[in-house]
Each structure stands twice: as structure tokens, then as C-alpha cells.
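A.B. asks: Just a sequence and a predicted model for now, questions to come.
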Amino acid sequence: MKSAVTYFDLGAPADNLLALKVEGRIAGDAIDELVERLKAIAAKGKKARLYVDLTSYEGYERSVVKEKLAHFGTLWGSIERVAYVVDIAWMTSAIHLVDAVTPIHIRAFSSDKAKEARAWLLEDPA
């Protein structure tokens with residue numbers, strides 16, 4: 001399968017939302033565009049909320065790890081919430097573990113709960 005990260009509109013008026021679908025195996029250069037989009041949101045004085053569809057995700061190349069580490073500060077400090085749409089049990093478990101140890105609110109939703117993922121991203125923090 002060809003690798004692609006496609007950004008799309010969630011249809012909500014909030015200017016701090018990013019929605020993306022990851023297909024195939026992603027390479028390190030996919031992180032570059034994400035970082036630029038996160039920086040643009042941070043420049044508005046906001047933290048990003050991400051909707052990430054991983055239903056067609058097949059893994060990543062080693063270069064992704066290098067890029068994530070290079071941009072760790074931006075990734076860590078500019079994200080408020082992430083809703084992952086994923087149907088793989090071990091990934092859902094990993095997402096729950098990461099949520100417990102980071103200041104970023106992260107949740108996993110199965111593909112049949114994609115509407116709940118969107119709603120969770122849009123709700124006000126408690």
C-alpha cells in the first residue's frame with residue numbers, strides 16, 4: 001500500500017483542530033507537515049486538538065522515530081488532545097497507557113465510534 005497522510009476538515013469552526021488519516025507505512029517527512037501545522041496553531045496562542053484516523057495504518061519507517069525526537073518539544077508542548085480512531089486492540093491498549101503518563105489527553109475510539117471521537121475533541125475540558 002502506498003503511504004499517505006491526508007489532512008481533512010472536521011466540519012467544526014474551531015481553528016485549533018487538525019484531522020488526518022494515515023494510510024500505509026509513514027515516513028519521517030510526514031512529521032514535518034504536522035509540526036508546521038502545530039506551530040501555526042501555537043502561534044495563535046492555542047494548543048491543538050488532533051483527530052487521527054489509523055484504520056489504514058500499517059506502521060512507520062525508522063526515520064519517523066528520528067523526526068519525532070527532533071521535534072519532541074513542539075509535539076509535546078503544542079497538543080491538548082488526541083482522538084485516535086483505530087481498530088487494533090494492542091494499539092488501543094498502548095494509547096491508554098500513553099494517556100496515563102502524559103499531560104496530553106489521549107483517547108482511542110473504534111471506527112464505529114468516530115462520531116464520538118469528534119464530539120470528544122470539541123467538548124470543553126473539564
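C.D. replies: Looks like it came in fine.

A.B. asks: how distant is stretch 44-64 from the center of its chain?
C.D. replies: In this view, stretch 44-64 has its centroid 3 Å away from the chain centroid, taken as CA atoms, centre = their mean, to the nearest Å.

A.B. asks: sorry, that was for stretch 114-124
C.D. replies: 13 Å.

A.B. asks: lowest-confidence helix or strand of the chain?
C.D. replies: helix 62-70 (a mean of 65; mean pLDDT, DSSP states H and E).

A.B. asks: Under the pLDDT cut-off, which ranges of this structure? List them.
C.D. replies: Applying pLDDT under 70 to the chain flags residues 1-2, 63-74, 125-126.

A.B. asks: now with 50?
C.D. replies: Scanning the chain for pLDDT under 50 picks out no residues.

A.B. asks: which residue ranges form the strands in it?
C.D. replies: 4-8, 17-26, 48-60, 79-85, 105-109 (DSSP state E).

A.B. asks: To residue 33, which of those strands lies closest?
C.D. replies: Closest approach to residue 33 among the strands of the chain is made by strand 4-8 (7.1 Å; CB to CB). In this view, the C-beta of every residue, glycine as well, is placed from N, C-alpha and C.

A.B. asks: Now do the closest one: which elements does it pack against?
C.D. replies: strand 17-26, helix 29-42 (3 or more CB pairs under 8 Å, 6 or more residues apart in numbering; DSSP states H and E).
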